[in-house]
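In: The following block contains a protein sequence and its predicted model.
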Amino acid sequence: MSPIPFDLVKGTKFSDYVASASRLTGGKVNNVWRISRTNPLDTVVLKHAGPTLSSLPDFKFSIERMVIEARGLALFCDIPMHMTTNTKLQQASNFRYYDKSISDIHIPRLLHFNETVPFIIMEDVGSLPDIYKFCISASASASDLSQDLAFICKRVGQWIAHLHGFGRKNLAKLKPLFTNFPARSLLSEVVYDLVCTRIIDNTSLVNKHELVNKIHYFRNVVQDDNQATLIFGDLWTGSVLFDKCKRQLHILDFEFADIGHAFADIAHFVAHLLPLHFLCNSNYNPNTDPCPPHIVTFLISYKQTLKEELPDVFDALISSGDLVRESTVFFGIDIARDVLTGNWCRCGATEVNNDTALTCVCADVWLPFAAKYISGCSDSLFNILL
């Protein structure tokens, strides 16, 4: 049972934010509200972590995730004076990691953090659509939407490249702040374990046992600290809000930030962009049609930013080819997991997000495609990074 937001703010400098509380949707992890006061009129966002995923209460997720999120937000702002006694939060803020080279990307300011409950209060950036909602509800022409997506993907590619570069250059100092064992445990359970179970139980793929063995192997061998960096950890279409009027992006939800591998950000983002393109374009088939231009833009933007601005990081993360190989396999795992839990149906045969594996013609498109990537295909769309 989630708490009452007004009870959480009692005794804080936000105790007068009791005029209204509206629950926000989009994420699946925490309880999130927009709370307001009337004099003067203002709103903030309150985010509370329970012991399980808010949308999947059977899956436990340590409340330590809120500590990681607070530190992630603190990287991008000066924390309020009342939080400076939190040593590790102050250490994160002391990095002064303000990526002014991409002025049209904004990270909400951290305003309050209660580590005991735990919850955070942060800046309210407004009622803006995330990438998924923006594309699904877009009333613009196809050319306008294509231009918007190119802008979004280019900026996100630059931003995540800079974050990975910052992580590489400050790895020793960041490890104590961002090593995220709860996120790794959840990833193992809701991605690797779940997809293996669903592949065995719900598919007629002739090579399903081979695929499961490849997934187990991948999970066990991708542990090379020589390629570790700071990762966002949950870069998907729901974590990026788009203000079309101001041409500005807002990036949210740092609770999965970790010291990990770049593929976790690169492949995960593409694993949401490509199926979204499939939903919005009735004739698109990823097995036969080329990679959509905005995804190409994202990958090229990431690559060029590292190569031109951070060549040492480019050499460490991309030159060996490991990022391409790892992104290819993880992308396939991500796609398979979503399809086997009821996502990415455009034919209307399956209720959206009902946790039941697709069995319609959309599954016939996605499952062979995912299997090909899990197997490490040579024509991977991630070859663009080389």
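Out: Looks like it came in fine.
In: Am I right that Phe254 falls within a helix?
Out: No - per DSSP: H, G, I helix; E, B strand; the rest coil, Phe254 lies outside any helix segment and is coil.
In: how much space between it and Val29?
Out: Going from Phe254 to Val29 by CB to CB, to the nearest Å gives 11 Å. (C-beta placed from N, C-alpha, C; glycine too.)
In: Who has more neighbours out of the two?
Out: Applying other CB atoms under 10 Å to Phe254 and Val29 shows that Phe254 carries more neighbours, namely 27 against 23.
In: For the chain, which residues score under the pLDDT cut-off?
Out: Low-confidence segments of the chain (pLDDT under 70): 1-2, 26-27, 55-56, 98-101, 139-140, 223-224, 350-354.
In: where exactly do the helices run in it?
Out: Applying DSSP state H to the chain gives helices spanning 5-8, 64-74, 87-94, 131-136, 142-169, 171-178, 181-187, 194-202, 208-221, 263-280, 293-309, 311-314, 322-339, 361-374.
In: buried residues in the last one?
Out: By neighbour count on 16 or more other CB atoms under 10 Å, the buried set for helix 361-374 is Cys362, Ala363, Val365, Trp366, Leu367, Phe369, Ala370, Ala371, Lys372, Tyr373, Ile374.
In: elements contacting that helix?
Out: If you count contacts as 3 or more CB pairs under 8 Å, 6 or more residues apart in numbering; DSSP states H and E, helix 361-374 packs onto helix 208-221, helix 322-339.
In: can you give me the angle the last one makes with helix 293-309?
Out: With axes from the mean of the first three to the mean of the last three CA atoms, to 10 degrees as the criterion, the two stretches helix 322-339 and helix 293-309 enclose an angle of 150 degrees.
In: Could you list which residues are in contact with the nearest residue to Arg198 once chain neighbours are set aside?
Out: In space, and not counting its chain neighbours, Arg198 is closest to Leu340: 3.7 Å by CB to CB, 6 or more residues apart in numbering. By CB atoms under 8 Å, 6 or more residues apart in numbering, the residues touching Leu340 are Leu194, Val195, Arg198, Ile199, Asn202, Thr203, Ala357, Leu358.
In: what sits against the fifth one?
Out: Contacts here follow CB under 8 Å, 6+ apart; on that basis Asn202 touches Leu340, Ala357.
In: thinking again about what came up before, which of the contacts of Leu340 sits closest to Leu276?
Out: Leu358 (15.6 Å; CB to CB).
In: Next one: the closest one from Pro275, what distance?
Out: For Leu358, the distance to Pro275 (CB to CB) stands at 11 Å.
In: shared neighbours, those two?
Out: Asn343, Trp344, Trp366.
In: so how far is Arg71 from the closest residue to Gly72 other than its chain neighbours?
Out: Nearest residue to Gly72 in three dimensions, chain neighbours excluded: Phe254, at 2.8 Å (CB to CB, 6+ apart). Distance of Phe254 to Arg71, given as CB to CB: 8 Å.
In: same thing with Leu299?
Out: Counting by CB to CB, the gap from Leu299 to Arg71 is 28 Å.
In: who has more neighbours, these two?
Out: Neighbours per residue, other CB under 10 Å: of Leu299 and Arg71, the larger number sits with Arg71, 26 against 22.
In: so what's that one up against?
Out: Per CB under 8 Å, 6+ apart, neighbours of Arg71: Lys88, Leu89, Ala92, Leu177, Phe178, Phe254, Ala257.
In: which of these count as buried?
Out: Leu89, Ala92, Leu177, Phe178, Phe254, Ala257.
In: between these, which is nearest Pro5?
Out: Phe254 (20.4 Å).
In: Wait, the closest one touches Leu73, no?
Out: Yes - with contact defined as CB atoms under 8 Å, Phe254 reaches Leu73; the gap is 6.0 Å.
In: got a markdown table for the helices and strands packed on helix 361-374, with distance to Leu186 and mean neighbour count too?
Out: Formatted as a markdown table, the helices and strands packed on helix 361-374 follow (distance: least, CB to CB, whole Å; neighbours: other CB atoms under 10 Å):
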| stretch | distance to Leu186 | mean neighbour count |
| --- | --- | --- |
| helix 208-221 | 13 | 15 |
| helix 322-339 | 13 | 24 |
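In: export these to CSV and tack on distance to Ala150?
Out: CSV is the format used below for the helices and strands packed on helix 361-374 (distance: least, CB to CB, whole Å):
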stretch, distance to Ala150
helix 208-221, 31
helix 322-339, 21
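In: Of all the ones you listed, which one is nearest Ser146?
Out: helix 322-339 (22.3 Å).
In: Now do the phi/psi pair for Pro51.
Out: With angles defined as degrees, to the nearest 10, Pro51 sits at phi -80, psi -10.
In: unless I'm mixing things up, it is touching Phe61, no?
Out: Yes - counting by CB under 8 Å, Pro51 touches Phe61, with 7.4 Å between them.
In: ok, those two, which is more surrounded?
Out: Taking other CB under 10 Å, Pro51 and Phe61 do not tie; Phe61 has more neighbours (23 against 9).
In: Contact partners for the nearest residue to His294 once chain neighbours are set aside?
Out: Spatial nearest neighbour of His294, chain neighbours left out: Leu149 (3.8 Å); criterion: CB to CB, 6+ apart. For Leu149, the contact set (CB under 8 Å, 6+ apart) comprises Ile131, Cys135, His294, Thr297.
In: biggest separation within the residues you listed, which pair?
Out: Cys135 and Thr297 (14.8 Å).
In: returning to that earlier point: make a markdown table from the contacts of Leu340 and add distance to Leu323 to it.
Out: Formatted as a markdown table, the contacts of Leu340 follow (distance: CB to CB, whole Å):
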| residue | distance to Leu323 |
| --- | --- |
| Leu194 | 25 |
| Val195 | 21 |
| Arg198 | 27 |
| Ile199 | 25 |
| Asn202 | 30 |
| Thr203 | 28 |
| Ala357 | 30 |
| Leu358 | 29 |
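In: nearest to Ser143, of these?
Out: Leu358 (31.0 Å).
In: Quick check: phi and psi at that closest one.
Out: According to degrees, to the nearest 10, Leu358 has phi -60, psi 140.
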